[in-house]
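Colleague: got a structure for you, letters missing:
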């Protein structure tokens, strides 16, 4: 799959979720379904999507439950639009971000920067609110996502990938 198309699918699903909330979650779901139609690694991507949805329900569900942030759309433990973003995120490790596999330092840095920026963007666009001050919120997310992105890329590697489908 073309890495530009893969990144576009994720970013459009993210925008649909953040800007449209649960009303436009179907757009993100269609984009993820489109990814699965053209992916040569459907099985690997599907397993990773199921795992990431579970991880997202736990991670964002716990952060929501402890009052770290508040979502402006209903859903328990997290809104449907955010579940869709987690599914879209699962399309990246075996495609446009596969070059990161096995590079834990790069993954930690990517997670520490990308995670907080994605949430902050969602907050700035009105999808959620931080209930903690901004700097502690971003630092907490940086720590969570530095570890989480290493875990996600390790899972993607163990499940199998475009580089080595023999690991499944």
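Modeller: Everything's here; your move. Computed from a prediction, not measured in an experiment: that's the story for all the values here. Numbering: from 1, shown residues only.

Colleague: where does the chain dip in pLDDT?
Modeller: 1, 161-168 (pLDDT under 70).

Colleague: elements contacting the helix ranked longest in it?
Modeller: Longest helix of the chain, by residue count under DSSP state H: helix 134-159. Counting contacts by 3 or more C-beta pairs under 8 Å, 6 or more residues apart in numbering; DSSP states H and E, the secondary-structure elements packed against helix 134-159 are helix 42-65, helix 104-124. (Each C-beta comes from the backbone N, C-alpha and C, glycine too.)

Colleague: same list, those helices, but as CSV with mean neighbour count and distance to residue 137 please.
Modeller: Conversion of the helices and strands packed on helix 134-159 to CSV gives the following (neighbours: other C-beta atoms under 10 Å; distance: least, C-beta to C-beta, whole Å):
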stretch, mean neighbour count, distance to residue 137
helix 42-65, 17, 10
helix 104-124, 17, 8
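
Colleague: turn the ones you listed into TSV, including distance to residue 156.
Modeller: Shown next, in TSV, are the helices and strands packed on helix 134-159 (distance: least, C-beta to C-beta, whole Å):
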stretch	distance to residue 156
helix 42-65	6
helix 104-124	10
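
Colleague: which of those helices sits closest to residue 2?
Modeller: Nearest to residue 2, of all the helices and strands packed on helix 134-159, is helix 42-65, at 14.9 Å by C-beta to C-beta.

Colleague: how big is the angle separating the longest helix of the chain from helix 42-65?
Modeller: Computed by axes from the mean of the first three to the mean of the last three C-alpha atoms, to 10 degrees, the angle separating helix 134-159 from helix 42-65 equals 150 degrees.

Colleague: ok, the residue lying closest to residue 143 once chain neighbours are set aside - contacts?
Modeller: Taking C-beta to C-beta, 6 or more residues apart in numbering, and ignoring the residues beside it in sequence, residue 143 has residue 112 as its nearest neighbour in space, at 7.4 Å. Counting by C-beta atoms under 8 Å, 6 or more residues apart in numbering, residue 112 makes contact with 142-143, 145-146.
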